[in-house]
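Q: just to be clear, the model below is a prediction. Sequence and coordinates:
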Amino acid sequence: MNLKIAVLPGDYIGPEVMDAALPVLEKTLKKHGHALECSVHPVGGAGIDACGKALPDETLAACDAADAILFGSVGGPKWKDVPRDEQPERGALLPLRKHFELFANVRPGLLLPSLAQASPLAPARIPDGIDMVCIRELTGGIYFGRPKQTTTLPNGELEAVDTMRYRTSEIERITDVAVAAARARKRRTICLVDKSNVLETSVLWNKIVSERVAKTAPDVALTHLLVDNAAMQLVANPGQFDVLLTENMFGDILSDEMAVICGSLGMLASASIGAKKNRFGFPFGLYEPSGGSAPDIAGQDKANPCAQILSAALMLRYSFGLNEAAAEIEAAVRSAIDAGTRTADIAFGGDAVGTGKMAAEILARI
Ligand code: NAD
């Protein structure tokens, strides 16, 4: 395979963690017999500085021509006076999501057992750490459904309406993303989270997901939880989850709950998968750390590069089907951490190494 990647490092720690991730990606692909063609482009504040626009036309054209986007993070105080809609996040990320119809947000919740103290949960609740993936539908549901309006009733009261709407095709395509996620994991289990005791849309989700999994993925097990129970189970016994699949609003809430129980933002990757397929027939996607540009630690060799490196692994898995290469990167991160290598965000006051040293330890394990 010759992988064509648009690399958008962005702002503050973005370029630092991207510099750490690219050698890991290159070495892994070379080892697995694949070629990598990266083109690097400004985005966010860097786009505003270089071209006067958070998402310069050349950057978007490069993304269009690529198989996937590896994204750093954007934004920060330098551009605080730029008009709101032109600011790095709104002016770059939102248009990219819209342009590529990125309908699935994939967030692995990873807490290695050796980092258990990073979690707000009591260690007894997480004897094996946390290793799950939350898959959230991102472009449908109550955030986008129409009508969405506030009206004044004849008696003078205000009445507001939001509409939750889903159709079969939207549910089927996100189910396929969840199946791909489950197939790359040992337990191969999807837990569908909904509110099918009350909501029509949830009844539809339940029906379509059950049919789709039964028809296309008999090797994948499907379980079910109501959303209120799922919120409790996530803190009571997160180890039970493998792949959690849910609609937009439930996913918004549950994926943040999952992130907080996993400890440092510096360890959490994410993917936004699109409707478009790349040259290899896999979903086009945008892969980025869950955290932001961390201006408070930028330029000090303090940023944890793991989230960016793990984002590159996600890219190999979802946009190229390279599950073994992805697993090798994840194992290298795990091994470096288990050996005691820590950046400041996960050192808990103990000895910490810099971004470069952490990346070198991971690279050496590929
Ligand atoms: P942040 O995620 O950048 O930082 C929050 C805290 O987490 C900070 O203390 C930071 O040092 C720490 N942190 C984050 N990533 C880390 C890493 N890799 N290693 C070690 N520590 C890490 O959130 P913020 O400070 O609220 O936002 C800063 C800027 O980033 C803002 O302009 C915000 O809008 C932007 N942002 C961008 C994205 C994106 O590009 N997708 C996402 C979130 C925030």
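A: Done, it's in.
Q: CA atoms for contacts and neighbours, from now on please.
A: Noted.
Q: contacting residues around residue 48?
A: Counting by C-alpha atoms under 8 Å, 6 or more residues apart in numbering, residue 48 touches 54-56, 88.
Q: and residue 206, by the same measure?
A: Neighbouring residues of residue 206 by C-alpha under 8 Å, 6+ apart: 192, 194, 196.
Q: please apply the same query to residue 195.
A: Contact partners of residue 195, counting by C-alpha under 8 Å, 6+ apart, are 202-203, 226-227.
Q: inside strands: which ones of these?
A: Using DSSP state E, the members of these that fall in strands are residue 226.
Q: scan the contacts of residue 195 and report the most crowded one.
A: Counting neighbours by other C-alpha atoms under 10 Å, residue 202 comes out on top of the contacts of residue 195 with 22 neighbours.
Q: residues touching that residue, list them.
A: Taking C-alpha under 8 Å, 6+ apart, we find residue 202 in contact with 194-196.
Q: so which of those residues is the closest to residue 253?
A: Nearest to residue 253 out of the contacts of residue 202 is residue 194 (C-alpha to C-alpha; 12.5 Å).
Q: now what about stretch 233-252, what contacts it?
A: By C-alpha under 8 Å, 6+ apart, the residues outside stretch 233-252 that reach it are 121, 125-126, 128-143, 175, 178, 181-182, 187-194, 227, 257-258, 261.
Q: narrow the residues you listed to just the buried residues.
A: 121, 126, 129-142, 175, 178, 181-182, 188-194, 227, 258, 261 (16 or more other C-alpha atoms under 10 Å).
Q: buried residues in stretch 23-39, which are they?
A: 24-29, 38.
Q: now do stretch 62-74
A: Applying 16+ other C-alpha under 10 Å to stretch 62-74 flags 62-64, 66-74 as buried.
Q: about what we covered before: which of the contacts of residue 206 lies closest to residue 319?
A: Ranked by distance to residue 319 (C-alpha to C-alpha), these are led by residue 192 at 23.1 Å.
Q: can you classify that closest one by secondary structure?
A: Classification of residue 192 using DSSP: H, G, I helix; E, B strand; the rest coil returns strand.
Q: which residues touch it?
A: Residue 192 neighbours (C-alpha under 8 Å, 6+ apart): 206, 209, 222-225, 244-246.
Q: which PyMOL command selects the buried ones in those?
A: Selection command for PyMOL covering only the buried members of those, criterion 16+ other C-alpha under 10 Å:
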select buried, resi 206+209+222+224+225+244+245+246
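Q: show me the contact partners of stretch 354-366.
A: Stretch 354-366 is contacted from outside by 16-17, 20-21, 23-24, 27-28, 301-306, 328-329, 332-333, 335-336, 341-344, using C-alpha under 8 Å, 6+ apart.
Q: restricted to buried residues, select these in PyMOL.
A: To isolate the buried members of these in PyMOL, using 16+ other C-alpha under 10 Å:
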select buried, resi 16+17+20+21+24+27+28+301+302+303+304+305+306+329+332+333+336+341+342+343+344
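Q: so which of the contacts of stretch 354-366 reach the ligand?
A: When contact is defined as C-alpha under 6 Å from any ligand atom, these meet the ligand at 303-305.
Q: out of those, which is nearest to residue 79?
A: Using C-alpha to C-alpha, these come closest to residue 79 at residue 303, 20.9 Å.
Q: look up the closest residue to the closest one, ignoring the ones flanking it.
A: residue 355 (5.5 Å; C-alpha to C-alpha, 6 or more residues apart in numbering).
Q: just the strands in this structure please.
A: 2-10, 35-40, 68-73, 102-111, 130-137, 145-152, 158-163, 189-194, 221-226, 243-246, 269-277, 283-289.
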